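Novice: any chance you could fold what I've pasted below:
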Amino acid sequence: MADRTGIRGASPIALVVLAVLTFSGSALAAPTPQPARQPVSALGAITQRGCLVDRSTPRAGCTPVRALSGPAPFLGSHALAMSPDGTSLYAASSTSDAVAAFRRDPRTGALTQASGKAGCIAAKGANGCAAARGLNGPNSVAVSPDGKFVYATSLVSDDVTVMRRNRSTGALTQLPGTSGCVSGAAAVPGCATGRALDGPDVITVSADGRNVYVGSFLGNAVVTFTRDASTGVLAQPADTTGCVALATAGCATGVALGAPEGLAASADGASVYVAAAASNAVLTLQRDPSTGALTQTGCVANAATTGCTTAVAIAGANAVTLSPDDDDVYVTSLLSNSVTSFARTTGTGQLTQLTGTSACAIYVVAVGCSLARSLNAPEGLAVSPDGASVYAAAYTSGTIDTFDRASTGALLQKPRRPGCITGRTAPDCTHGRALSGVSSLVVSPDGKHVYAAAFRSNAVTEYTRVTKAMTSGSN
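Specialist: Presented below is the predicted three-dimensional model:
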């Protein structure tokens with residue numbers, strides 16, 4: 001492994017470049033002509049309503065808040081999480097060493113931050129926040145299905161922080177003692193010890209709330225924890241069911257598991273999917289619903305790989321998510337500048353890439369896929385609760401792209417201005433504020449609002465979403 005001091009001193013972008021050096025590239029073809037679509041549905045279109053920025057970098061038209069410096073770093077496509085009741089939004093702020101907490105108005109979608117400790121939790125209580133152990137460079141956050149607990153990964157301190165959530169106020173409090181954190185390679189004092197927690201990146205909770213899963217970016221592993229529903233405490237199984245890794249003692253062995261950066265659990269509890277950036281692959285892990293143990297049963301890769309089937313446009317696989325009906329899986333890929341679409345087989349969880357131009361949407365040049373606008377270095381990904389829309393956050397272009405999802409699972413970007421919101425000047429896109437380095441997205445449970453986090457802007461942005469299928473001519 002490369003020198004740990006050098007890795008942890010590197011910028012988030014440098015870490016990703018290190019992880020994807022194995023990418024060999026692929027031939028590029030001319031853009032594929034796209035069919036005209038009329039009428040156009042307004043369903044899923046979003047309009048910016050506001051923005052919040054860290055008070056250290058005030059911006060006209062945005063509300064200043066605390067502990068929002070560096071939200072959603074380049075390794076932070078899951079840096080936003082919303083409570084199941086839709087009343088709280090949490091942002092992992094890597095530079096602030098904090099998780100910022102916001103209350104959401106369900107009617108307007110507006111976010112507000114409480115004063116004092118209720119508004120954030122940070123390492124050593126910085127910015128007037130509640131104090132936490134670990135939480136150095138947090139990059140991903142998840143809320144338990146019962147809304148009682150919040151979990152965050154921290155890439156720098158190699159730990160998972162366990163926080164109790166006040167369901168009335170949304171405030172977070174770290175659990176006491178070793179119940180409050182699990183640390184790996186960095187061995188944070190006062191935390192329980194975990195295996196294969198080297199550069200923990202993405203985190204997710206199973207739909208039944210029994211397990212928490214963590215993707216270790218530097219450890220090339222997926223770590224499994226059992227979760228006590230009443231206390232929120234995490235425990236890692238002592239045997240090989242506690243982790244799946246490329247090559248880590250005490251873990252089950254996985255294939256094409258280099259630098260996992262995306263992680264998603266199916267609603268039926270049968271599968272966990274992993275997007276592995278350095279392996280240019282998406283893995284299928286079968287989940288035992290009684291124990292939470294994971295067993296790799298398949299993978300798709302961008303090039304011929306032993307044990308995997310071949311797919312297209314998943315170089316630097318990043319975020320992964322499922323449709324609400326569990327029928328489809330979507331992946332953003334950093335180096336392919338793409339969003340790819342896969343059909344999921346119920347029961348086995350196996351993935352089959354859609355065919356023709358339905359297989360993927362690509363920025364600038366399309367290799368037999370549909371053409372996507374302003375999708376340079378896509379990171380975050382979110383599907384609306386009604387299953388009608390998919391949103392992708394593109395880090396380099398500072399853009400949120402909006403895709404319509406067909407009954408077949410295929411995606412097609414909305415035409416012209418409804419199809420993208422960007423902080424830069426781009427033809428046929430709507431102009432937005434505070435979107436530099438946007439890399440994480442979440443849709444509210446009622447489907448009425450979309451929220452995004454932008455690393456370079458130190459911001460969380462708010463959007464109103466069209467929830468009725470009104471139609472019009474071409475825009």
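Novice: and residue 364, how far is that from residue 107?
Specialist: Residue 364 sits 40 Å away from residue 107, going by Cβ to Cβ, to the nearest Å. C-beta here means a position set from N, CA and C on the backbone, and glycine is covered the same way.
Novice: gap between stretch 101-117 and the chain center?
Specialist: Stretch 101-117 sits 21 Å away from the centroid of its parent chain (Cα atoms, centre = their mean, to the nearest Å).
Novice: could you do stretch 420-431 as well?
Specialist: For stretch 420-431 - counting by Cα atoms, centre = their mean - the centre lies 23 Å from the chain centre.
Novice: same check on stretch 265-280?
Specialist: 12 Å.
Novice: which residues touch residue 463?
Specialist: Applying Cβ atoms under 8 Å, 6 or more residues apart in numbering to residue 463 gives the contacts 46, 47, 48, 49, 109, 400, 421, 449, 450, 451, 452.
Novice: how much space separates the nearest residue to the fifth one once chain neighbours are set aside from residue 121?
Specialist: Here the nearest residue to residue 109 in space, its sequence neighbours aside, is residue 449; by Cβ to Cβ, 6 or more residues apart in numbering that works out to 3.6 Å. From residue 449 across to residue 121, the span is 24 Å (Cβ to Cβ).
Novice: neighbour-wise, which of the two wins?
Specialist: residue 121 (29 against 26; other Cβ atoms under 10 Å).
Novice: who are the packing partners of the helix or strand that contains the more buried one?
Specialist: When elements are assigned from DSSP states H and E, residue 121 belongs to strand 120-123. Secondary-structure packing of strand 120-123 (3 or more Cβ pairs under 8 Å, 6 or more residues apart in numbering; DSSP states H and E): strand 98-104, strand 130-132, strand 172-174.
Novice: strand partners (parallel or antiparallel) of it?
Specialist: Sheet pairing for strand 120-123, assigned by DSSP bridges, gives strand 98-104 (antiparallel), strand 130-132 (parallel).
Novice: most neighbours per residue, which of these?
Specialist: Ranked by mean neighbour count, the strands paired with strand 120-123 are led by strand 98-104 with a mean of 26 (mean count of other Cβ atoms under 10 Å).
Novice: and the next helix or strand past it?
Specialist: Where DSSP H and E defines the elements, the next helix or strand beyond strand 98-104 is strand 111-112.
Novice: in terms of secondary structure, what does that following strand contact?
Specialist: In terms of contacts (3+ Cβ pairs under 8 Å, 6+ apart), strand 111-112 is packed against strand 98-104.
Novice: distance from the chain centre to the strand it packs on, please.
Specialist: Here the centre of strand 98-104 is set off from its chain's centre by 17 Å, with Cα atoms, centre = their mean.
Novice: who does residue 162 bridge with?
Specialist: Under the criterion DSSP bridges, residue 162 forms beta bridges with residue 151.
Novice: tell me the confidence at it?
Specialist: Note on residue 162: pLDDT of 98.
Novice: hang on, isn't it packed against residue 177?
Specialist: No - taking contacts as Cβ atoms under 8 Å, residue 162 lies outside contact range of residue 177: 10.6 Å.
Novice: so between those two, which is more surrounded?
Specialist: Remark: of residue 162 and residue 177, residue 162 carries more neighbours, 27 against 11, as counted by other Cβ under 10 Å.
Novice: if we can go back for a sec, who are the contact partners of the residue nearest to residue 109?
Specialist: Residues in contact with residue 449 (Cβ under 8 Å, 6+ apart) are 49, 104, 109, 443, 462, 463, 464, 465.
Novice: how about 7 Å then?
Specialist: 109, 462, 463, 464, 465 (Cβ atoms under 7 Å, 6 or more residues apart in numbering).
Novice: need the helices for the protein, in chain order.
Specialist: Along the chain, the stretches classed as helices by DSSP state H are 4-9, 12-19.
Novice: now the residue nearest the centre of the chain, nearest residue through space, not along the chain?
Specialist: Centroid-nearest residue in the chain: residue 78, 2.7 Å away (criterion: Cα atoms, centre = their mean). Counting by Cβ to Cβ, 6+ apart, residue 140 is the residue found nearest to residue 78 once chain neighbours are left out, at 4.2 Å.
Novice: now residue 154
Specialist: residue 138 is the one closest to residue 154 (Cβ to Cβ, 6+ apart), at 4.6 Å.
Novice: low-confidence stretches in the protein?
Specialist: 1-40, 366-367, 470-475 (pLDDT under 70).
Novice: mind redoing it with 50?
Specialist: Low-confidence segments of the chain (pLDDT under 50): 1-38, 473-475.
Novice: and stretch 46-57, what's buried?
Specialist: Neighbour counts over stretch 46-57 (16 or more other Cβ atoms under 10 Å) mark 46, 48, 50, 51, 52, 53, 54 as buried.
Novice: how far away is the residue nearest to residue 78 from residue 218?
Specialist: Taking Cβ to Cβ, one finds residue 140 at 14 Å from residue 218.
Novice: if you count what's nearby, which of those two comes out ahead?
Specialist: The neighbour comparison of residue 140 against residue 218 (other Cβ under 10 Å) goes to residue 140, with 31 against 24.
Novice: contacting residues for the more buried one?
Specialist: Listed by Cβ under 7 Å, 6+ apart, the contact set of residue 140 reads 76, 78, 79, 92, 152, 153, 201, 202, 203.
Novice: tally of neighbours for residue 190?
Specialist: Using other Cβ under 10 Å, the number of residues around residue 190 comes to 12.
Novice: that one against residue 133, yeah?
Specialist: Yes - if you go by Cβ atoms under 7 Å, residue 190 and residue 133 touch, sitting 5.1 Å apart.
Novice: how about the strands in the stretch 351-475 of the chain?
Specialist: With strands called from DSSP state E, counting those that start in this stretch, the stretch 351-475 of the chain shows them at 351-353, 360-363, 370-372, 378-383, 389-394, 399-405, 411-413, 420-422, 430-431, 438-443, 449-454, 459-465, 471-472.
Novice: closest to residue 83 out of these?
Specialist: Proximity to residue 83 (Cβ to Cβ) singles out strand 438-443 among these, at 10.6 Å.
Novice: quick one: list the elements packing against that closest one.
Specialist: strand 80-82, strand 378-383, strand 389-394, strand 449-454 (3 or more Cβ pairs under 7 Å, 6 or more residues apart in numbering; DSSP states H and E).
Novice: what does that strand contact?
Specialist: 72, 74, 76-82, 379-382, 384-385, 391, 393, 395, 398, 400, 450-455.
Novice: from residue 465, how far out is the nearest residue to residue 422 once chain neighbours are set aside?
Specialist: Of all residues not flanking residue 422 in the chain, residue 399 sits nearest, at 3.9 Å (Cβ to Cβ, 6+ apart). Residue 399 sits 17 Å away from residue 465, going by Cβ to Cβ.
Novice: hang on, the earlier thing: please convert the helices and strands packed on strand 438-443 to JSON lines, extending it with distance to residue 68.
Specialist: Compiled in JSON lines, the helices and strands packed on strand 438-443 are given as follows (distance: least, Cβ to Cβ, whole Å):
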{"stretch": "strand 80-82", "distance to residue 68": "11"}
{"stretch": "strand 378-383", "distance to residue 68": "16"}
{"stretch": "strand 389-394", "distance to residue 68": "16"}
{"stretch": "strand 449-454", "distance to residue 68": "9"}
